[in-house]
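Peer 1: Predicted model follows, preceded by the sequence.
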Amino acid sequence: MYKYVLRRILVMIPVLIGVTIVISSLIYLTPGNPARIALGQGADPESVRALEQQMGLDQPPHVRYVDWLASAVQGDFGESLQTGTSTTALMLQRLPATLELVVASMVIMLVIALPLGVISAVRQHTWADHSSMLFALFWLSMPSFWLGLVLLMLFSVRWGMFPISGRGGAIVSLTALSYLVLPAIANGARRAGLLTRMTRSAMLEILNENYIRTARGKGIGEKAVIYTHATKNAMIPVVTLIGLQVPQLFSASVIVEIVFAWPGMGTLLVDAVFQRDYPVVQGLVFMYAVIVMIANLVVDVTYSYFDPRISYD
């Protein structure tokens, strides 16, 4: 197991380098001058050139990238071109809010999808099955940003049940939790629809296996058959889909954070893109890539729990 984890970590290194090369190439090719944005469109050319030299923008793109990568390896992602603040400090300041939103979204996704998928498979072709599939189809057809706006209009503006925007700090009180509910639903409900369908399909396949019929023939209770034998064995494709949903949750959280003015890395990334703040964009994308790869590694390791035949030794 430890050797497998170590190999996966070593594989992450070239992947991260590739990600940084791609994102750096894209942002350097994007039209816009950070120095002119900082000084305003009416700034004279000499002032712009002086600020470019101060920011290091007079260097060729490949030289800037190599300098940034050398600093990033040491944990220094540079300073914001617009504010002069350390990029690492900015990311660490916004990281808890984003992780809080993504984890809450995943909890909502799992709490909704897994029970509905199991019930739908066990009660196949009944009203419970049809209702679950209708529910899944409804959420699948609802984009996160649109769902967020609808939730705001209904639960915040019209009924006043939840705050309109912002974050109430870490989840240590009901007030702080009230700020998180709507963004988490907007980010996690759509993925719950897809996961419900996958759980149903996996459960139906397992319930038709010979060992399930044998367990029933031995007189084992139906609940034990479903929750002890069938559900655990049906989790392999479900866990795979959960791992694939992690990048989707992070990418969708960028839009959701904008809709709800959630002070996470997503809003920081959008602001940095508009301001052509290269170090901040590079650092944030690097951070997103690391989090997603770690999450996928955790998902792969959990396979051995659901299926003992899978071994990484």
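Peer 2: Received it, and whenever you're ready, just let me know what you need. Residues are numbered from 1 along each chain as shown.

Peer 1: Against Asp300, how distant is Gly18?
Peer 2: 20 Å (C-beta to C-beta, to the nearest Å). Just so you know, the C-beta spots here come from the backbone N, C-alpha and C atoms, and that holds for glycine as well.

Peer 1: same check, this time on Ser86
Peer 2: Noted for Ser86: a distance of 33 Å to Asp300, by C-beta to C-beta.

Peer 1: Likewise for Gly117?
Peer 2: 22 Å.

Peer 1: With Ser156 instead?
Peer 2: Taken as C-beta to C-beta, the span from Ser156 to Asp300 is 39 Å.

Peer 1: picking that back up, neighbour count winner among Gly18 and Asp300?
Peer 2: A direct count of neighbours by other C-beta atoms under 10 Å for Gly18 and Asp300 places Asp300 higher, at 17 against 11.

Peer 1: my read: that one touches Val246, true?
Peer 2: No - Asp300 is beyond contact range of Val246, at 11.8 Å (criterion: C-beta atoms under 8 Å).

Peer 1: How is this structure divided into domains?
Peer 2: 2-75, 88-306 (automatic domain parsing).

Peer 1: name the element Val150 belongs to?
Peer 2: helix 144-151 (DSSP states H and E).

Peer 1: Quick one: distance of the first helix or strand past that helix going along the chain to the chain centre.
Peer 2: As assigned by DSSP H and E, the chain's next helix or strand after helix 144-151 is helix 174-207. For helix 174-207, the separation from the chain centroid amounts to 13 Å (computed by C-alpha atoms, centre = their mean, to the nearest Å).

Peer 1: Show me what helix 174-207 is packed against.
Peer 2: Counting contacts by 3 or more C-beta pairs under 8 Å, 6 or more residues apart in numbering; DSSP states H and E, helix 174-207 is packed against helix 87-122, helix 127-140, helix 144-151, helix 235-260.

Peer 1: As TSV, the ones you listed with distance to Pro45 would be great.
Peer 2: Compiled in TSV, the helices and strands packed on helix 174-207 are given as follows (distance: least, C-beta to C-beta, whole Å):
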stretch	distance to Pro45
helix 87-122	28
helix 127-140	52
helix 144-151	40
helix 235-260	34
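
Peer 1: now the ones you listed as TSV including mean neighbour count, distance to Gly56 and mean pLDDT?
Peer 2: As requested, these are exported to TSV (neighbours: other C-beta atoms under 10 Å; distance: least, C-beta to C-beta, whole Å; pLDDT from 0 to 100):
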stretch	mean neighbour count	distance to Gly56	mean pLDDT
helix 87-122	20	14	90
helix 127-140	16	46	86
helix 144-151	18	36	88
helix 235-260	20	27	86
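
Peer 1: For Arg167, which of those is the nearest?
Peer 2: Of all the helices and strands packed on helix 174-207, helix 87-122 sits nearest to Arg167, with 5.7 Å by C-beta to C-beta.

Peer 1: Check which helices and strands the closest one is in contact with.
Peer 2: helix 127-140, helix 174-207, helix 235-260, helix 265-274, helix 278-306.

Peer 1: For those, give me CSV that also has distance to Asp58.
Peer 2: CSV is the format used below for the helices and strands packed on helix 87-122 (distance: least, C-beta to C-beta, whole Å):
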stretch, distance to Asp58
helix 127-140, 49
helix 174-207, 41
helix 235-260, 31
helix 265-274, 21
helix 278-306, 14
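
Peer 1: Phe155 reaches Pro163, doesn't it?
Peer 2: No - counting by C-beta under 8 Å, Phe155 sits too far from Pro163 to count as a contact (9.8 Å).

Peer 1: Which one of the helices and strands packed on helix 174-207 lies nearest to Ala186?
Peer 2: Per C-beta to C-beta, nearest to Ala186 of those: helix 144-151, 3.8 Å.

Peer 1: Put the alpha carbons of the closest one into CSV.
Peer 2: Presented in CSV, the C-alpha positions along helix 144-151 are these (Å, rounded to 0.1, in the frame of the first residue of the first chain):
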residue,chain,number,x,y,z
SER,A,144,-25.5,25.2,-10.8
PHE,A,145,-25.6,28.9,-11.4
TRP,A,146,-29.3,28.9,-12.4
LEU,A,147,-30.2,26.8,-9.4
GLY,A,148,-28.2,29.2,-7.2
LEU,A,149,-30.1,32.2,-8.5
VAL,A,150,-33.5,30.4,-8.0
LEU,A,151,-32.5,29.5,-4.5
